[in-house]
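>>> could you look at this predicted model? Sequence included:
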Amino acid sequence: MLPAAINPALLSKVWKIKSLEGLSAFGSLEELILDNNLLGDDLVLPGLPRLHTLTLNKNQITDLEYLLDHLAEVTPALEYLSLLGNVACPNELVSLEKDEEDYKRYRCFVLHKLPNLKFLDARKVTKQEREEALVRGAFMKVVKPKVSPLLSYSL
């Protein structure tokens, strides 16, 4: 739960927040910085119709599609989103196995789900990216392979 006296736009590097319970009291919020916390796939934001800027850098978010569907529902005015440093945002900061092509696919998928974004991860959304998201975005979902316990045994 958030203390009543804290400015919720400055919740970065302070509390190591795991839950946003109590944030509904700040329905007119326009900017929210939640970097460097412990927010994960169970993240639930209240309806924030005026929120235009949201940064969730360096948290524990892995399920990109769930997050984007949730944000589309509760933050209709969102124009700036940053997810750097989360597993859901594939780049070299999180995993050496990810490359620029993975990041381009991620951007395309995010823009497909949130077409009103003007900036994504500190980079301006280009006209070309927006057009590609309209055509191919639905197919750019990064599928996470699941390892079956049966496959881990050696014969």
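Done, it's in.

>>> only C-alpha atoms for contact and neighbour calcs from this point on.
Noted.

>>> in whichever helix in the chain runs longest, which residues are buried?
Longest among the helix segments of the chain by residue count, using DSSP state H, is helix 100-113. By neighbour count with 16 or more other Cα atoms under 10 Å, helix 100-113 contains the buried residues 102-103, 105-113.

>>> now these in JSON lines, with pLDDT?
As requested, the buried residues of helix 100-113 are arranged in JSON lines below (pLDDT from 0 to 100):
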{"residue": "102", "pLDDT": "86"}
{"residue": "103", "pLDDT": "90"}
{"residue": "105", "pLDDT": "91"}
{"residue": "106", "pLDDT": "93"}
{"residue": "107", "pLDDT": "94"}
{"residue": "108", "pLDDT": "94"}
{"residue": "109", "pLDDT": "94"}
{"residue": "110", "pLDDT": "96"}
{"residue": "111", "pLDDT": "96"}
{"residue": "112", "pLDDT": "95"}
{"residue": "113", "pLDDT": "95"}
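
>>> out of those residues, who's nearest residue 45?
When those are ranked by distance to residue 45 (Cα to Cα), residue 113 comes first, at 16.9 Å.

>>> ramachandran angles for the residue nearest to the closest one when sequence neighbours are not counted?
Spatially, and ignoring its direct neighbours in sequence, residue 113 is nearest to residue 68 (6.3 Å; Cα to Cα, 6 or more residues apart in numbering). When read as degrees, to the nearest 10, the backbone of residue 68 gives phi -70, psi -40.

>>> start at 57, not 1
Will do, 57 is the new start, and the previous item becomes residue 124.

>>> surely residue 124 and residue 168 touch.
No - checked against Cα atoms under 8 Å, the pair residue 124 and residue 168 is beyond contact range at 9.7 Å.

>>> count the neighbours of residue 141 for me.
By other Cα atoms under 10 Å, 21 other residues sit near residue 141.

>>> coming back round to it: count of neighbours near the residue nearest to residue 169?
16.

>>> so who does residue 121 touch?
residue 197 (Cα atoms under 8 Å, 6 or more residues apart in numbering).
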